[in-house]
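K.L.:
Here is a sequence together with a model predicted from it:
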Amino acid sequence: MTEDLQRSTFRTERLQAEKLESSSRLAAGASHEVRNLLATLQQGADFLTRRADPSDETSNSVLKEIEDAVQQANQVIKGLMDVASLAEIKTAMTLAELQPILDQAISKIRYQCAHLKIAITEEIAPNLPPVKVDRNRMEQALVQVLLNAIQAMPKGGLLKLKAYTRQLENPGHKTGLRKGDLFQIGDEVVVIDIEDSGPGIPEHMVAKIFDPFFTTRRDMGGLGLGLSIVRNILDLHDGTIEIENRPE
């Protein structure tokens, strides 16, 4: 029975890897073709803008909408290219200290925090064990989560970051006693907690927050790819991400 479970787990992992590689090739190819089409649209919009009558408000407004749409589509393509390149994570993983990665991620959001009057507190446990990661991708994931926290506090607030180890004692998300569970009871894991003092997420939206193209900030230009990519990055690191509102 144990050998059958091992074969099944290996077969599942191999199929997942093949599916990811196939999806990555498709996303990369489609992104390249669409980007070429968008470049043609942008050139056409630029050509018409140079020849438009400045007094024709309707025409200029339509051209502005076209340019904005092209720029937004390019951001979607960039997100798809990020997904396409995730297949390379496994080959880029090395044992690394977590502290420098956390420091670098925090350094990239300090300006936004200062601008919005957001205070930052850090509680990093000493002697964290090295973790096997793609440093660039893990930093990208951390920065994206931190930026989401910042966006939840447009009028200022408090951003808390904690990192520590914990031994898993109870069954939970991807944690149990079965061979196929990502984590086993008794495993020691590294935990990174990021908490903001914002108003939280409506409960009916929490389950959708990691879905591709789901966003609560569509009216502000949000595309809904950031947290989806974060989850994919952590999945490929054999990690997990959870989100919850603070208790009332």
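P.N.:
Ah, there it is. Residues are numbered from 1 along each chain as shown.
K.L.:
Can you name the next helix or strand after the helix or strand bottoming out on mean pLDDT in the chain?
P.N.:
Lowest on mean pLDDT, DSSP states H and E among the helices and strands of the chain sits strand 175-176, with a mean of 58. For strand 175-176, the succeeding helix or strand toward the C-terminus, using DSSP states H and E, is strand 183-184.
K.L.:
That next one pairs with which strands, parallel or anti?
P.N.:
Paired strands of strand 183-184, with direction, are strand 175-176 (parallel) (DSSP bridges).
K.L.:
Mind naming the longest strand for this structure?
P.N.:
Using DSSP state E, we find that the single longest strand of the chain is strand 157-167.
K.L.:
tell me the mean pLDDT for that strand?
P.N.:
Averaged across strand 157-167, pLDDT comes to 93.
K.L.:
contact partners of that strand?
P.N.:
Applying Cβ atoms under 8 Å, 6 or more residues apart in numbering, the external contacts of strand 157-167 come out as 98-99, 102, 106, 113, 118-125, 128-129, 146, 149-150, 153, 186-198. C-beta: built from backbone N, CA, C; applies to glycine.
K.L.:
same thing but 6 Å
P.N.:
Strand 157-167 is contacted by residues 118-125, 149, 188, 190-197 when judged by Cβ atoms under 6 Å, 6 or more residues apart in numbering.
K.L.:
buried set for that strand?
P.N.:
By neighbour count with 16 or more other Cβ atoms under 10 Å, strand 157-167 contains the buried residues 157, 159, 161, 163.
K.L.:
Make TSV out of the residues you listed and add distance to residue 59.
P.N.:
Output for those, formatted as TSV (distance: Cβ to Cβ, whole Å):
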residue	distance to residue 59
157	43
159	45
161	49
163	54
